[in-house]
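Participant: Okay, sequence plus prediction incoming.
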4 protein chains.
Amino acid sequence: MDFTSDNAAGVHPAILRAVADAAGPEPAGYDGDRFSARLDDAFSQLFERPVKAFAVPSGTAANALGLAAVTPPFGGVWCHAEAHIEVDEAGAIPFYTGGATLMLVPAPAGKLTVAALDEAAARRRGDVHQVQPAALSLTQATECGTVYRPDEVAALAQWAKARGLKVQMDGARFANAVRHLGCAPADVTWRAGVDLLSFGCIKNGGMSAEALIVFDEALAQSIPVRRKRAGLMPSKGRFAAAQLLAMLEGGLWLEIAAGSNAAAQRLAKAAAGRLLYPVEANELFLHLNEAERARLRAQGFSFYDWELAGPEAARFVIRWDQAETAIESLASALASL
Amino acid sequence: MDFTSDNAAGVHPAILRAVADAAGPEPAGYDGDRFSARLDDAFSQLFERPVKAFAVPSGTAANALGLAAVTPPFGGVWCHAEAHIEVDEAGAIPFYTGGATLMLVPAPAGKLTVAALDEAAARRRGDVHQVQPAALSLTQATECGTVYRPDEVAALAQWAKARGLKVQMDGARFANAVRHLGCAPADVTWRAGVDLLSFGCIKNGGMSAEALIVFDEALAQSIPVRRKRAGLMPSKGRFAAAQLLAMLEGGLWLEIAAGSNAAAQRLAKAAAGRLLYPVEANELFLHLNEAERARLRAQGFSFYDWELAGPEAARFVIRWDQAETAIESLASALASL
Amino acid sequence: MDFTSDNAAGVHPAILRAVADAAGPEPAGYDGDRFSARLDDAFSQLFERPVKAFAVPSGTAANALGLAAVTPPFGGVWCHAEAHIEVDEAGAIPFYTGGATLMLVPAPAGKLTVAALDEAAARRRGDVHQVQPAALSLTQATECGTVYRPDEVAALAQWAKARGLKVQMDGARFANAVRHLGCAPADVTWRAGVDLLSFGCIKNGGMSAEALIVFDEALAQSIPVRRKRAGLMPSKGRFAAAQLLAMLEGGLWLEIAAGSNAAAQRLAKAAAGRLLYPVEANELFLHLNEAERARLRAQGFSFYDWELAGPEAARFVIRWDQAETAIESLASALASL
Amino acid sequence: MDFTSDNAAGVHPAILRAVADAAGPEPAGYDGDRFSARLDDAFSQLFERPVKAFAVPSGTAANALGLAAVTPPFGGVWCHAEAHIEVDEAGAIPFYTGGATLMLVPAPAGKLTVAALDEAAARRRGDVHQVQPAALSLTQATECGTVYRPDEVAALAQWAKARGLKVQMDGARFANAVRHLGCAPADVTWRAGVDLLSFGCIKNGGMSAEALIVFDEALAQSIPVRRKRAGLMPSKGRFAAAQLLAMLEGGLWLEIAAGSNAAAQRLAKAAAGRLLYPVEANELFLHLNEAERARLRAQGFSFYDWELAGPEAARFVIRWDQAETAIESLASALASL
C-alpha cells in the first residue's frame, strides 16, 4: 500500500497500447513520423488555439527547456520557495538557461500571491548589478496539493506581465488541477496569461513522455534546436508522440485524474482534522506525530515524512492505479488513529 | 524502399515485449525499479568487468553526458571533423560541458589516426591562452561506415593517455562494429583504453533508450546528478532499463546487427566499383552521378546525397528491418546502372 | 560630503606612483613581467605560507573565479541571504560556475552562524534530485559592517569541512576587518579553515586590481585558464600586480583601513542610539526616519537608504579619503538630530 | 631588441598622464564618474554616428562580450581558422555565449573571403541537428598582419547579412589597420556593415583598457548586465575610461600606429624576399630557416617561431615603443642574412 510517489505507479493500458501501435517503421526518424506530425494539432484543439507542442522525456526537461526559451543567462525566475524546479530538479534551470537564478518566494500552502511577490520584489533594486527578472513560474497543482483558480493565475500573470516577465506553468499534475477546477484547460493557462506549460503525463498513467506547450508561437522559435542540443529530441519520436496523443484521446488524461482526485477526497474526509493544506489534487499533507506515523507504517502504508511542511508532517500521494482497497484501508487507519 | 536512416525503422518485437512486461507498478519511481537495479550487472557481464550503466533517451544525450563527466568547461575534445558530435548534435557537447570546444581533425574514411592527431596537435601550443585538451572521442562504427580494429583503438587511446586525455567512444552503431570485428565488446573498448561508451540501441531495433557505459567507476561520480539536472533521468526508469536489458538478453543486439551488416555486404558486392569507403557496418557510401541518383530514386529508392563525402556521393543506410526484397531490388538496380 | 560608496573615493598616491613606476617595457606581456613575478611571494609572506595570488579587475571577478574553481556546475554555494555575490553581482557565480546555485541563509547582522546553516541544511535532502552543496562563502567584513572573529570563522569552516565543502571568503573589505581584529591575516583565513580569499584593494584606496588568493595550491590549478578565458588576464599584467604590491608594501593596506575604521568609530559614537548593527569596519547602518534622512541630505550629506535593513534604515560608508571635516560635520549633524 | 609581442611594450606617456589626472574622487563608483560619462560621445564622434562604448580590461573580454550579445548558446560564429578568438582566447567565446561554436574557415594570409565562406557554409545543412550560425567575426588587422579594405569588409558583411548574421570585428590592431588604409574609422566598420568592434588600445600604447563599440544601440541592450556579471565592470570606471579618452584625444591612437606601421614597412623592405604575407600593419611574418633564426637570436633579437605559418616561419611584432636603433639593427641583420 504505497503512497510515496505517483512515479511508482504503472502505465495505463491505453498508453501501452498506443506505444505498441507505433512500433512499425515510419517515413522518417526524429519528428518525421505520423504521430509527431499530429501533436501540434491535438494540443491546439485541447487548448482552443494554435499552440506548439514538444514531447520531452521528463518534467524536469519540460520545465527547463521552456524556461530557457524565455529567460536569458543573466535572468531570474520568480518561483515558490518549495517549487519543484528549486527543490527537485538538481539545478536544471540554471543549466538550461546558462546560469539564470531562481528567485524564491515563500507563501502558504504552496501558492504564490501577488502580495508575496510584491514583498520579494521590493527587496530587489533591479539595476545592472542584479539578476534581471525574466519569468514567473507557477506550479499547478502546487507542491502542497493545492490548486490555483483561473482568477488567481490571472492576477499573478498580470503582475508578471506588468514587469515584462513571461509566465511558465509547471503542470506535472495539471490533469489533477484541471479536473478539480472543472474548467477548460485554456481558462487556467493562456486565457489567464500563461505563456508556457509543462503538460504532465507520466505521473498520471503515462510512460515516458511529457509535453511542453508553448502558447505563443514566437516564444517557441529557439526550442527545437535547444531540445536537440540537450539530447531531448528522440531518435524515434513516434513513441513519445503516441503516448501524448493517447493521453488526450477521449479525454483520458482527465478521466485518470478524476480517479486519483476522488480517492484523495475520500481520504481527506477520513483525515479531516489533520490536513495541513486543502486537498485539491491527488496529494494529502497530514499532521501525524511520530507514533502515528510509525503505527501507519506498521500497518503496511508507505509514505514520506515531509520536513518542508513541518516536523510532524507526512505526505500521501494517490497514484492513478492505487487499489480501492488500499484507499479504504488507509481511510480506516487514519480515522482510527 | 527507404535507405535514408536507421531511425526510420521500427522496433524489434522483443523490445516492445520488454516494455509491455515492465508496465506494472514498481517499488519506486526514477531508478528505484527492479529493471534499473539490474542494469549495472547486465552490462558488467557483457563487458567482463564492473561498469556503471546509465539509461538515456538519445545518443546525443549519451555522448554529451559522458564527455561532460571528463571535460572541464575550458577543455577540448579531439574528434573527427565529421563526427556526429560535431555535425549532428547541435552543439550538445559545448552545452553539457559548459563551453568545451570540439577540436576537429580531418582524416580519410572517417577514421582518426595517430598521424592525423599528431599533425593537429602540433598546431596547438597548449599554454594558458588555449583550450586545454581533455578527451578524445572516437565513433565506432564511424560516420563513414568503417570500423576501428582493437589495435587501432589501442593506438589512439595510447596517444590520448600519454597526454592525460580520457577516451570516449560514440557507439551509436557499436553493435554493427562489434559484429563486424567478431571480438569481445571489451576488446574494442576498455581493454583498448576506452573510458566511456555510448552504447547505441535505438538505431539497432530499439525504441527510446541508449546506454552510457562508464568503465572506470571514478569517472561516473558526477553523472547521476548531471543526468538528473539535464532532465534525462526518467520518472519511470523501468521502461528505459527494460529495453536495454532486452537488447542484451541472449545477444539480441548482435543478432540484429548481423542482419543489417550482412545486407550491407550484399549491397557492397553489387556496387563494388562505386564504394567510397570500405563497407564494414550497415552503411554504404557510393559514387553516383546525378543521373544515376535520379534513376534510383525514380525506381523508388530513398537515400541521402552526402555532400560531406563529395559532390557525387550518396549514403545508403541498411535498417535492421529492411525487407530482403528491398535489398535485392537495390542490389539489382545498382548492378544494372 | 559623500557617504554612498567607497568606490567613489580616489586612489591612494602610493598606488598611483606604483602604476607610474610600472609604465616602462617588460620582458613579456600578460603575466611575464617583473611585477607579476613577485605576486605569489608577496602574498605568501603576508599570509605566512605559500599561496597563489591572481590579479583580477574587480571583486566580482575575484569571487566568481575563486568559487568556480571549487564548485561544479551542479553545485551549490551556501552564503548569507544578503551577500554581495547574491545581491550585487548580477549572477556572476552562476555564470562562472556554469550554473551553480547560491543557497541563501538569513542571519542577523550579516553574519552566518552554525545554527543558521544547520537550519537551512536540514531543509535539503542532498540526493541526486538536488543541487549538491560544494562551498561556503563568507563576507569579511560583512555586508552589515560587522566582522567575523577567527573563532567564528573556524566554527563555520569546520561545519563546511565536515560536509566536504570548500570555504571562500569575500574580502572586499578584508583590510577593515583585519584592522578591526588586530590579528594576523592568516588567523582569520587559512588558519581558520578558509581556502580562497578575495583580497579587496579597490575600495581601500586601490585603482583597478583585486587579488584572488588561493591557500591550497591544488585548488588553484584551473584558475589560470579560467582567468584567461574570462578575459580577466591583463595583456600588460604589470599594472595590476604593481598596485597589489604597493598595497602590501609597508602594510599600506592596513594603514589605510585604520583611517576609515577610526572615522567610523567616531561616527558610531555620535549615532549611538541609532545603530542597527555593531560598527566594526567602515560602514554604519542607522535607524533614521524619513524626516531625519531628509534633514541630513539638506545639509549636504549623501548616503543610501537601505531597504535590506528595514524601512527606516540608511547606510553610511566611510571612504578612505573622507575629509576629516566631513566626518566631524556628520558627527555633529547626527548628534543634533 | 624584443620583437615578440606588443604587450611587452610600455605605456604611452599621455595614457599614464590621463590615469594620474583621474586619480581623485568622483561623484560615484562604477560608471558613475565624469570620464565614463563621456565615452559614448567620444566614440560617437570618432565613428560619425551614435554608438555605445564599453570599457573592458582585455581584448578577449571585448570579443567575448560583444559576440555573446549577438550569439545564442546554440549559435555559431564564422571566423578564420587562425583567429585570435580560436587560437588565443582559451575558449572565451564558448564561455561567454554559453556554449556557442567557432566555425573555422581556412583562408590565405589570414583574410576570409566570400569564396572561403561559401565553401565552408556548403558543408553545413543548417537544420535543427546543427549549430545555428549567428555571427561572422573578422580580425582587423588580421593575425597575419594583413588588412581588409572597406570593400572587402563590405562584401563579407553582405554575405553575413544575407544569412541573418551579425558582424563582429576583432580590432586588437584596429589602429594599425585604419592608419594603413587611411580611411575614416566608419568606412571600414559600420558603413561596411560591421555591428560590433573590439577597439584595441593596449597593444598600441595603452595600459589596461580596451573598448567594445556597438554601432546599433539595440544590440547593446544586454551588454551592461553581461559585463557586470562577468566581473568586467570596473569598480572605479574612471581609470579605464580616462585611458580610452586619452587615446582618442587629438588622434593619438593613429599617431602611435603610424610609428609602428612605418617601422614595419622599413623592415619589410629589408626582408623583401622573405615575406610570407604582405606587410600592412605592425607585424612581419618571414621565411627563415633554422640557422637564420639562430643567427638572429644570437645577435640579440627576440621573436617567435610561427608554426601556424609553416615550419620555417617567424613572426616579428613592431611595438609602438620599439627603439629606432633596434629597427635599424634588425633591418641590417635581415638584409645581411
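Facilitator: Thanks, I have it.

Participant: Show the pLDDT at the residue of chain A found nearest chain D.
Facilitator: Chain D sits closest to residue A:98 of chain A, with a gap of 3.5 Å, by CB to the nearest CB. Any C-beta I mention is one placed from the backbone N, CA and C, and that applies to glycine too. Per-residue pLDDT puts residue A:98 at 98.

Participant: now swap in residue A:320 and tell me
Facilitator: So residue A:320 comes in at 96 (pLDDT).

Participant: gap between it and chain B?
Facilitator: The gap separating residue A:320 from chain B is 10 Å, by CB to the nearest CB, to the nearest Å.

Participant: Skipping adjacent residues, who's closest to residue A:73 in space?
Facilitator: Excluding its sequence neighbours, the residue lying closest to residue A:73 (CB to CB, 6 or more residues apart in numbering or on different chains) is residue A:98, at 3.5 Å.

Participant: again, but for residue A:280
Facilitator: Leaving aside its chain neighbours, residue A:280 sits nearest to residue A:147 (4.1 Å; criterion: CB to CB, 6+ apart).

Participant: for the stretch 201-337 of chain A, what spans make up the strands?
Facilitator: A:210-214, A:283-287, A:304-305, A:313-317 (DSSP state E, counting those that start in this stretch).

Participant: packing partners for the second one?
Facilitator: In terms of contact count using 3 or more CB pairs under 8 Å, 6 or more residues apart in numbering or on different chains; DSSP states H and E, strand A:283-287 is assigned the packing partners helix A:252-270, strand A:313-317.

Participant: for those, which one sits closest to residue C:114?
Facilitator: Among these, strand A:313-317 comes nearest to residue C:114, with 25.3 Å by CB to CB.

Participant: Tell me how chain A divides into domains.
Facilitator: Domain assignment for chain A, taken from automatic domain parsing, gives A:13-251, A:254-335.

Participant: so, in contact with chain B or not, stretch A:188-203?
Facilitator: Yes - with CB under 8 Å from any CB of the partner chain as the measure, stretch A:188-203 is seen reaching chain B through A:202-203.

Participant: Mean confidence (pLDDT) on that stretch, please.
Facilitator: Across stretch A:188-203, the average pLDDT comes to 98.

Participant: Does residue A:126 lie in a helix or a strand, and which?
Facilitator: Under the criterion DSSP states H and E, no helix or strand holds residue A:126.

Participant: Can you report how many residues neighbour it?
Facilitator: Residues lying near residue A:126 (other CB atoms under 10 Å in any protein chain shown) number 12.

Participant: What of residue A:102?
Facilitator: What residue A:102 shows, counting by other CB under 10 Å, is a neighbour count of 27.

Participant: Then it would be within a strand, right?
Facilitator: Yes - under DSSP: H, G, I helix; E, B strand; the rest coil, residue A:102 sits within a strand.

Participant: is it in a bridge, and if so with what?
Facilitator: residue A:77 (DSSP bridges).

Participant: can you pull the contacts of it?
Facilitator: Residue A:102 makes contacts with A:76-77, A:79, A:83, A:85-86, A:93-94, C:101, as judged by CB atoms under 8 Å, 6 or more residues apart in numbering or on different chains.

Participant: now do residue A:49
Facilitator: Residues near residue A:49 by CB under 8 Å, 6+ apart: A:186, A:190, A:215.

Participant: distance of the first one from residue A:48?
Facilitator: Residue A:186 sits at a distance of 5 Å from residue A:48 (criterion: CB to CB, to the nearest Å).

Participant: And these two? Which one has more around it.
Facilitator: Neighbours per residue (other CB under 10 Å) separate residue A:186 from residue A:48, with residue A:186 holding more: 17 against 13.

Participant: which bits of chain A sit near chain D?
Facilitator: Going by CB under 8 Å from any CB, the residues of chain A near chain D are A:72-74, A:98-99, A:128-129, A:132, A:222, A:224-226, A:228-229, A:233.

Participant: Now do the buried residues in stretch A:181-193.
Facilitator: Neighbour counts over stretch A:181-193 (16 or more other CB atoms under 10 Å in any protein chain shown) mark A:181, A:183, A:185-193 as buried.

Participant: Kindly report the same for stretch A:107-127.
Facilitator: Buried positions in stretch A:107-127, judged by neighbour count with 16+ other CB under 10 Å: A:107, A:109-112, A:116-117, A:120.

Participant: Give me the contacts around that stretch.
Facilitator: With contacts defined as CB under 8 Å, 6+ apart, stretch A:107-127 is touched by A:78-82, A:103, A:105-106, A:130, A:132-133, A:136, A:138-139, A:142-146, A:148, A:152, A:155-156, A:159, A:163, A:277-278, C:307-308.

Participant: among those, which are in helices?
Facilitator: Per DSSP state H, helices hold the following members of the contacts of stretch A:107-127: A:152, A:155-156, A:159.

Participant: Reformat the residues you listed as a markdown table; add pLDDT and neighbour count.
Facilitator: Shown next, in a markdown table, are the ones in helices among the contacts of stretch A:107-127 (pLDDT from 0 to 100; neighbours: other CB atoms under 10 Å in any protein chain shown):
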| residue | pLDDT | neighbour count |
| --- | --- | --- |
| A:152 | 98 | 18 |
| A:155 | 98 | 18 |
| A:156 | 98 | 24 |
| A:159 | 98 | 21 |
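
Participant: Max pairwise distance over those residues: which two?
Facilitator: Spatial extent of those (CB to CB) is set by the pair A:152 and A:159 at 11.1 Å.

Participant: pLDDT value on the residue nearest to residue A:280, please?
Facilitator: 98.

Participant: What is the burial count for it?
Facilitator: Residue A:147: 26 surrounding residues under other CB under 10 Å.

Participant: can you check residue A:100 too?
Facilitator: Residue A:100 has 29 neighbours, counted by other CB under 10 Å.

Participant: what residues are up against it?
Facilitator: Counting by CB under 8 Å, 6+ apart, residue A:100 makes contact with A:67, A:71-77, A:93-94, A:131, A:134, C:91, C:94.

Participant: winner for burial among the domains of chain A?
Facilitator: Most buried of the domains of chain A by mean neighbour count (mean count of other CB atoms under 10 Å in any protein chain shown) is domain A:13-251; its value is a mean of 22.

Participant: State the distance from residue A:13 to residue D:257.
Facilitator: 77 Å.

Participant: What of residue A:60?
Facilitator: For residue A:60, the distance to residue D:257 - CB to CB - is 54 Å.

Participant: one step back: could you dump the domains of chain A to CSV with distance to residue B:198?
Facilitator: Formatted as CSV, these follow (distance: least, CB to CB, whole Å):
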stretch, distance to residue B:198
domain A:13-251, 10
domain A:254-335, 34
